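Asks: Quick one, fold the following:
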Amino acid sequence: MKRSFMERRYLWTFASAMFFGVIANIGMFTNKFSFHDDMGALFHVGATVKSGRWLLELLGQWSEDIWGVFSLPVCGGLLSLLLLAASSVIIVDVLEIYSLGNCVLMGGLLVTFPAVFSVFAYMFTAPYYFLAFFMTVMGSYLIIRFRWGGYILGIILIGSAMGIYQAYLPVAVMILLCASIIKTLSEENNPAMEFRRGVRYIMALLFSIILYLAVTRMVCAYTGIQLTDYQGISSIYILDIYSIAKRIGEAYLAWARRLTSLAGVSCSPFAITLYRLFTAALIVIGIRSGWIVWKRNKYSGLLMWFMFVMIPLAANSVYLMGALYVEPRMLYCTAIALLLMLSIGEKQLGASKLYHSFCRYGIAAVMVGFISVYLYCSNFEYFRCEFLQMQTKTYFTTLETRISSLEGYREDMPVVFIGARGISGQLMDNSFYNKKYGVSPYIQTLNGMTNSNTWKAYMNIYCGYIPRTSDSEAYKTLPEIQDMPVYPANGSIRIVDQVVIVKLSAENS
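Replies: The predicted structure follows:
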């Protein structure tokens, strides 16, 4: 069937993504919230070749030559939304969603999902990450819709997207799995054809990985840069039977944790309830869909049930890549699993009125719930960021004032900070700590800001205070230093042998 990107369903999806994307993230776009990696990467794209992100390095160089590389919330945010909206149009086509209401829900969920606003915490690289997402979605689309030319181009796009951000490979896994489920459910069943399609999709993923690894090795050999051990990047291609089994188990356990505890994309008690409802719907629809196909062809019915069982594994397939710590930004493929239910809800083959209502309206209600809770959660995180950033700036401004007010202080004196990673006490406000809401990497308390590994960069940039610092190792064991009280008490800042000593905590870190 001939398709036009001016079809109403595409326009509604695109408009929905832009509308909900702005509503969810306007707090980030109209302020400059900076902490963790963003504080140290205001003028570059972050870790590149050493993290296996060779295309990110190349894009950063191109951006520097064209308009410069800056962590700009408005420009980076709106460009990210445009890429996400374009991706949502492609996903609507892949998932064969035709209802305008479902198109609106799909666009809304894709841009409010925690994988989006958790990436915006790294605004310096957000547009590049979402370019990788778009390339992955487009690559999957080409593999599904076209034969040799498009198939090869799709492999190149997915492999190249890994050169920007590896954790979007699971998005391709989920899209291809969802496409297989939809095709098996909607078409006349031919087990041989379904087997060939599955092999075709699996080979595309394997060739994408091989392409990425080959280019990564060539780039590392050319530049002389070794891959970092962070998040298992240096050993992503090292597999054995034990590690594969362990990673598969971790993927299914991650789905179970989502139903019971506040973690990752289960960012609130209401989100946990929604994931329980979604899982129940997934089981019911999976059994029903398999039965429908079973009546047409037993082998295809078994395949359908197998693919539904694979959904939690595909949704958490980032664990298969050996990630040591999985953040919400790595779980975008879970959103695709949610959207699959919207697609199947439109395809009622001989369904009763009760089942029809369950699929069309029950699933839509769950999607509305997800969009609502994620809208609220993103705005709450930005609300918290604004106050914590003001408090952090006040903390370091006051600290700088105390230092410069010391009798005998000179600007050329080196400053030694002792216990900078263990700050606590009466100055550490916890008003914004809320156990019921939280999405990594957003910080929940003031000491999370002051104790961050980029605290010194924060003090330099936001307060304009750039002292000449010295290593604390030579001073922290001295008796007179150990006897000093902890900041902000009197005597917690003093001059010792023409060096300013600031004891921020009892810890020696």
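
Asks: Distance from the chain centre to stretch 366-383, please.
Replies: Centroid separation between stretch 366-383 and its chain, computed with CA atoms, centre = their mean, to the nearest Å, is 16 Å.

Asks: Tell me which residues of that stretch come out buried.
Replies: Within stretch 366-383, the residues scored as buried using 16 or more other CB atoms under 10 Å are 366-367, 369-371, 373-382. The way it works is simple: take the backbone N, C-alpha and C, and place the C-beta from them, glycine included.

Asks: Mind exporting the C-alpha coordinates of stretch 372-385 to PDB?
Replies: C-alpha atoms of stretch 372-385 as PDB (Å, rounded to 0.1, in the frame of the first residue of the first chain):
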ATOM      1  CA  SER A 372       0.300  11.300  33.100                       C
ATOM      2  CA  VAL A 373       2.700   9.900  35.700                       C
ATOM      3  CA  TYR A 374       5.700  10.400  33.500                       C
ATOM      4  CA  LEU A 375       4.600  14.000  32.700                       C
ATOM      5  CA  TYR A 376       4.300  14.600  36.500                       C
ATOM      6  CA  CYS A 377       7.600  12.900  37.300                       C
ATOM      7  CA  SER A 378       9.700  14.800  34.700                       C
ATOM      8  CA  ASN A 379       8.300  18.100  35.900                       C
ATOM      9  CA  PHE A 380       8.900  17.100  39.500                       C
ATOM     10  CA  GLU A 381      12.500  16.300  38.700                       C
ATOM     11  CA  TYR A 382      13.000  19.700  37.100                       C
ATOM     12  CA  PHE A 383      11.300  21.400  40.000                       C
ATOM     13  CA  ARG A 384      13.700  19.700  42.400                       C
ATOM     14  CA  CYS A 385      16.700  20.500  40.200                       C
END
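
Asks: How about residues contacting it?
Replies: Residues outside stretch 372-385 that contact it (CB atoms under 8 Å, 6 or more residues apart in numbering): 20, 23-25, 27-28, 31, 33, 35, 109, 112-114, 116-117, 267-268, 270-271, 274, 432, 434, 437, 439, 442-444.

Asks: now what about stretch 205-219, what contacts it?
Replies: Applying CB under 8 Å, 6+ apart, the contact partners of stretch 205-219 are 49, 52, 54, 139, 155-156, 158-160, 162-163, 166, 169, 172-173, 176, 225, 227, 236-237.

Asks: Show me which positions of it end up buried.
Replies: L205, F207, S208, I209, L211, Y212, V215, T216, V219.

Asks: biggest separation within these, which pair?
Replies: Across the buried residues of stretch 205-219, no pair lies farther apart than L205 and V219, at 21.3 Å, counting by CB to CB.

Asks: What are the phi and psi values at F432?
Replies: Dihedral angles of F432 (phi, psi; degrees, to the nearest 10) stand at phi -100, psi 10.

Asks: how about the helices in the stretch 351-500 of the chain?
Replies: 353-357, 363-404, 446-450, 455-463, 479-482 (DSSP state H, counting those that start in this stretch).

Asks: Show me the one of those that comes nearest L105.
Replies: Closest to L105 of the helices of the stretch 351-500 of the chain is helix 363-404 (CB to CB; 4.5 Å).

Asks: quick one: the closest one to helix 455-463, angle?
Replies: 80 degrees (axes from the mean of the first three to the mean of the last three CA atoms, to 10 degrees).

Asks: picking that back up, just the ones of the buried residues of stretch 205-219 in helices?
Replies: Members of the buried residues of stretch 205-219 lying in helices (criterion: DSSP state H): L205, F207, S208, I209, L211, Y212, V215, T216, V219.

Asks: What is the nearest of these to I403?
Replies: Ranked by distance to I403 (CB to CB), these are led by V219 at 44.8 Å.

Asks: okay, that closest one: pLDDT?
Replies: According to the prediction, V219 has pLDDT 92.

Asks: For I164, see how far away it is.
Replies: Relative to I164, V219 is positioned 13 Å away (criterion: CB to CB, to the nearest Å).

Asks: got it, and Y98?
Replies: 32 Å.

Asks: And N490, by the same measure?
Replies: Distance from N490 to I164, by CB to CB: 52 Å.

Asks: neighbour count winner among those two?
Replies: I164 (25 against 8; other CB atoms under 10 Å).

Asks: Just confirm the more buried one is within a helix.
Replies: No: when classified by DSSP: H, G, I helix; E, B strand; the rest coil, I164 is found to be coil rather than part of a helix.

Asks: Quick check: phi and psi at it.
Replies: phi -100, psi -50.

Asks: Poorly predicted segments of the protein, please.
Replies: By pLDDT under 70, the low-scoring segments of the chain are 1-6, 229-242, 323, 348-351, 426, 435, 508-509.

Asks: mind giving me the domain split of it?
Replies: Under the assignment automatic domain parsing, the domains of the chain span 8-381, 394-503.

Asks: so which of those gets nearest F387?
Replies: Nearest to F387, of these and by CB to CB, is domain 394-503 at 5.9 Å.

Asks: Report the separation between the two terminal residues of the closest one.
Replies: Distance across domain 394-503, first residue to last, is 18 Å (CA to CA, to the nearest Å).

Asks: From the centre of the chain outward, give me the first residue you hit.
Replies: The centre of the chain sits closest to R329, judged by CA atoms, centre = their mean, with a distance of 0.8 Å.

Asks: Name the SS class of it, please.
Replies: R329 - assigned by three-state DSSP - is helix.

Asks: Is it in contact with A115, as I believe?
Replies: Yes: contact criterion CB atoms under 8 Å: R329 and A115 qualify, at 5.3 Å.

Asks: Centre of the chain to stretch 292-299, how far?
Replies: 38 Å.

Asks: Restrict that stretch to CA atoms and write it as PDB.
Replies: C-alpha atoms of stretch 292-299 as PDB (Å, rounded to 0.1, in the frame of the first residue of the first chain):
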ATOM      1  CA  ILE A 292      -5.900 -17.300  17.300                       C
ATOM      2  CA  VAL A 293      -2.800 -18.100  15.300                       C
ATOM      3  CA  TRP A 294      -2.800 -21.700  16.700                       C
ATOM      4  CA  LYS A 295      -6.200 -22.300  15.200                       C
ATOM      5  CA  ARG A 296      -4.700 -21.400  11.800                       C
ATOM      6  CA  ASN A 297      -1.400 -23.200  12.100                       C
ATOM      7  CA  LYS A 298       0.000 -24.900  15.200                       C
ATOM      8  CA  TYR A 299       3.600 -24.100  14.500                       C
END
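
Asks: Is the closest residue to F124 other than its chain neighbours part of a helix or strand, or is it coil?
Replies: Of all residues not flanking F124 in the chain, S71 sits nearest, at 3.7 Å (CB to CB, 6 or more residues apart in numbering). With three-state DSSP as the basis, S71 sits in coil.

Asks: go on, I501?
Replies: strand.

Asks: Contacts only, for it.
Replies: Counting by CB under 8 Å, 6+ apart, I501 has contacts V416, I418, Y475, I481, M484, I493, R494, I495.

Asks: Pull the number of nearby residues for the fourth one.
Replies: A count of nearby residues for I481, using other CB under 10 Å, gives 17.

Asks: and if you look at the third one?
Replies: Burial of Y475, expressed as a neighbour count using other CB under 10 Å, amounts to 19.

Asks: any idea how far the closest residue in space to E188 that isn't next to it in sequence is from L303?
Replies: Excluding the flanking residues, the one nearest E188 by CB to CB, 6+ apart is R296, at 7.3 Å. The gap separating R296 from L303 is 12 Å, by CB to CB.

Asks: Please say which of these two ends up with more neighbours.
Replies: The residue with more neighbours, out of R296 and L303, is L303; 22 against 13, by other CB under 10 Å.
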